[in-house]
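Visitor: below are the sequence and a predicted model for it; my questions follow.
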Amino acid sequence: MRINQDRSYIWFLYPFNYRTISYDILIDSFTQLSWEGRNKRYPVWSTNNITHLPDLGLLPGINKFLDCESKTRVFSVGSWKLSNEARTSVKSGFGGSKIKWVLEIQKIKEIPFEILAIELFLFKTGVGFLNFQIKLLGKEISSSDWTDFIHYFRFLGGERGKNNQIKTYLFGKECCRPFFPAFLGKGESENTGFYFSEIITSLLQAGCESMDMDLGLKNAYINNYFIPYSYTCVEGADAAHKSDFLSRITGFLNSSAIVYKDKQSVEYEQKHQTLIWKDHYFISSLEGGGMVAFDPPDEPFFKFGIPDHISKHYYLLYLIALQQKFFLTSISENIANDWLIAKKSENNSDDYYQILLNNFFETQESLLFFTSIGNFAQIMHSQHHHDIYIKWREILEIDRLYNEVKSEIQNIYNFLNIKTERINQAFNRRIELSIQGITFIFGFPALLLGFYEVANVSISLFHLAKQMIISSLIGLTIFIIIKRKNLP
């Protein structure tokens, strides 16, 4: 059993969150970013209009919102590809075919690979993706190399990835020598390899370094993890090897992991495998997905059509579903954070209420914004695409997350309404008592003056002032007694 390396590829997706108010600024920054080339500066990113794919079949409204060439800034996603100059430049870019990339696994195995493309997406909902399309190199790619690469490459660093490094070499006329992309800021003498997380950090920081503001840029997934998405064309597999290989791809297991199954575990596994055509399985998991094709027919549709659609059409709908998930998980986190921050100010009732009011008004507005341009029950007319999109929403539990966040916001909204009503009632009661106090304080002296006037009693100014002060004190005492009885 072997992997057809000409038809097979892997996308590694890095999702991140950013502050939505930074959207237009980031769009301009990445569009204008340039690096120094051999003879001149060149753009790092070029526009990648994902709505112009042939036979894409997007619903008109979705097509409108995803059009990154819109001049009205209505579109909900900025989309770029790493420019050809940045991909091939040895001086400041990735070096193209002159550079050999190698994944060193635990210092005992090396797998060479090539970066075919790098794409950047910024959804207006505050979710972004930096994605790398990779192809393995070699005369023949074994199934164990394939599963090992997917398993280990997804660890960007940290505890699980600390023994897996990336090494790069520049091929010259005489021999090859260590090469480090200039944007990493390392010298060639530091030939100890590096983690792929350094590339991600450098690419994102390069587009943000000119902005003196907090963009709120943070990882949206497991720290130091990629999300794999692949098309795998397998040739020469028998039934036993098919089942074993499918288990490894579905669970992202390495070649040495034991595949231990019974009837129940097979049924559980099959929930994540959708058979679209004979021996063509679409994998859907919280950790990633893609398609595995066993010995596809030697026809253009299966040789070229399906791999192309998996890397474009199905890839796009997967990004949209992931965007929905990471927006909802982000807003759920914000709700919890805002609540805890507000609770710290609970002793100061006015600050406590005001913080809740301001934060949750913005949260409710964000959910409404997402509902209008980010959460779609259907996005494509094609039946196969729609079925897989629904499958992704089911696996990622989009509806459940949405209802959870909606319920949280509704409960908080109800709480704030009750709080508002109580504050208004207390305020109105204070006004009422204040008026009563004024009446009592000034009413008694007025009543006294009226008595003297009616009685036509002659009294000295001193005695009159004395009687008015005594009357005012009596009114004030009565007001305080009433206030204590009416207010806690």
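Guide: Looks like it arrived, so ask away.
Visitor: so where is the stretch 251-400 of the chain shaky, pLDDT-wise?
Guide: Within the stretch 251-400 of the chain, the stretches with pLDDT under 70 are 345-352, 354.
Visitor: the same query, at a cut-off of 80, please.
Guide: 338-361 (pLDDT under 80).
Visitor: all the strands of it, residue numbers only.
Guide: Per DSSP state E, counting those that start in this stretch, the stretch 251-400 of the chain carries strands over the ranges 273-277, 280-285, 288-294.
Visitor: dump those strands to TSV, plus distance to residue 305.
Guide: Glycine gets a C-beta too; all of them are placed from N, C-alpha and C. TSV is the format used below for the strands of the stretch 251-400 of the chain (distance: least, C-beta to C-beta, whole Å):
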stretch	distance to residue 305
strand 273-277	11
strand 280-285	12
strand 288-294	12
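Visitor: single out the most deeply packed of those.
Guide: A comparison of these by mean neighbour count, using mean count of other C-beta atoms under 10 Å, puts strand 288-294 on top with a mean of 24.
Visitor: next SSE downstream of that strand?
Guide: On the C-terminal side of strand 288-294, the closest following helix or strand by DSSP states H and E is helix 300.
Visitor: contacts for that following helix next, please.
Guide: Taking C-beta atoms under 8 Å, 6 or more residues apart in numbering as the criterion, no residue outside helix 300 touches it.
Visitor: thinking again about what came up before, the strands of the stretch 251-400 of the chain: which one's closest to residue 261?
Guide: Shortest separation from residue 261 across the strands of the stretch 251-400 of the chain is recorded for strand 273-277, at 13.1 Å, computed as C-beta to C-beta.
Visitor: for the strands of the stretch 251-400 of the chain, which one sits closest to residue 384?
Guide: Closest to residue 384 of those, according to C-beta to C-beta: strand 273-277, at 6.2 Å.
Visitor: by how many degrees do the closest one and strand 280-285 diverge?
Guide: Relative orientation of strand 273-277 and strand 280-285, computed by axes from the mean of the first three to the mean of the last three C-alpha atoms, to 10 degrees: 150 degrees.
Visitor: report all helices and strands that strand 273-277 contacts.
Guide: Packed against strand 273-277, as judged by 3 or more C-beta pairs under 8 Å, 6 or more residues apart in numbering; DSSP states H and E, are the following elements: strand 280-285, helix 383-395.
Visitor: can you give me how far that strand is from the chain middle?
Guide: Per C-alpha atoms, centre = their mean, to the nearest Å, the displacement of strand 273-277 from the mean C-alpha position of its chain is 28 Å.
Visitor: sorry, back to before: please convert the helices and strands packed on strand 273-277 to JSON lines, extending it with distance to residue 372.
Guide: Shown next, in JSON lines, are the helices and strands packed on strand 273-277 (distance: least, C-beta to C-beta, whole Å):
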{"stretch": "strand 280-285", "distance to residue 372": "27"}
{"stretch": "helix 383-395", "distance to residue 372": "18"}
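Visitor: just after the longest strand seen in the chain, pick out the following helix or strand.
Guide: In terms of residue count, the longest strand belonging to the chain (DSSP state E) is strand 109-123. Scanning forward in sequence from strand 109-123 by DSSP H and E, the next helix or strand is strand 127-136.
Visitor: could you give the angle of that next one to strand 109-123?
Guide: 150 degrees.
Visitor: show residues contacting strand 127-136.
Guide: Contacts to strand 127-136, defined as C-beta under 8 Å, 6+ apart, come from residues 3, 5, 8-18, 111-122, 145-146, 149, 153, 200, 203-204, 220, 311, 319, 322-323, 326-327, 330.
Visitor: how about residues contacting stretch 301-318?
Guide: Counting by C-beta under 8 Å, 6+ apart, stretch 301-318 makes contact with 7-9, 11, 50, 53, 55-57, 133, 229, 231, 233, 277, 280, 282, 289-291, 293, 296, 379-380, 382, 385, 388-389, 392, all of which sit outside it.
Visitor: direction included, what does the longest strand of the chain pair against?
Guide: strand 77-82 (antiparallel), strand 99-105 (antiparallel), strand 127-136 (antiparallel) (DSSP bridges).
Visitor: residue 412 is nearest to which of those?
Guide: Across these, residue 412 has its closest neighbour in strand 127-136 (22.6 Å, C-beta to C-beta).
Visitor: which is the next helix or strand following that closest one?
Guide: Sequence order places strand 141-142 as the next helix or strand after strand 127-136, per DSSP H and E.
Visitor: tell me which other helices or strands that next one touches.
Guide: Packing contacts for strand 141-142, counted by 3+ C-beta pairs under 8 Å, 6+ apart, involve strand 2-3.
Visitor: the strand it packs on packs against which elements?
Guide: Under the contact definition 3+ C-beta pairs under 8 Å, 6+ apart, strand 2-3 sits against strand 141-142, helix 143-153, strand 227-235.
Visitor: let's have those in JSON lines, adding mean neighbour count, distance to residue 168 and mean pLDDT.
Guide: Below are the helices and strands packed on strand 2-3 laid out as JSON lines (neighbours: other C-beta atoms under 10 Å; distance: least, C-beta to C-beta, whole Å; pLDDT from 0 to 100):
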{"stretch": "strand 141-142", "mean neighbour count": "16", "distance to residue 168": "20", "mean pLDDT": "92"}
{"stretch": "helix 143-153", "mean neighbour count": "22", "distance to residue 168": "14", "mean pLDDT": "94"}
{"stretch": "strand 227-235", "mean neighbour count": "22", "distance to residue 168": "21", "mean pLDDT": "96"}
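Visitor: what comes up buried for stretch 252-264?
Guide: Residues of stretch 252-264 classed as buried under the neighbour-count rule (16 or more other C-beta atoms under 10 Å) are 252-253.
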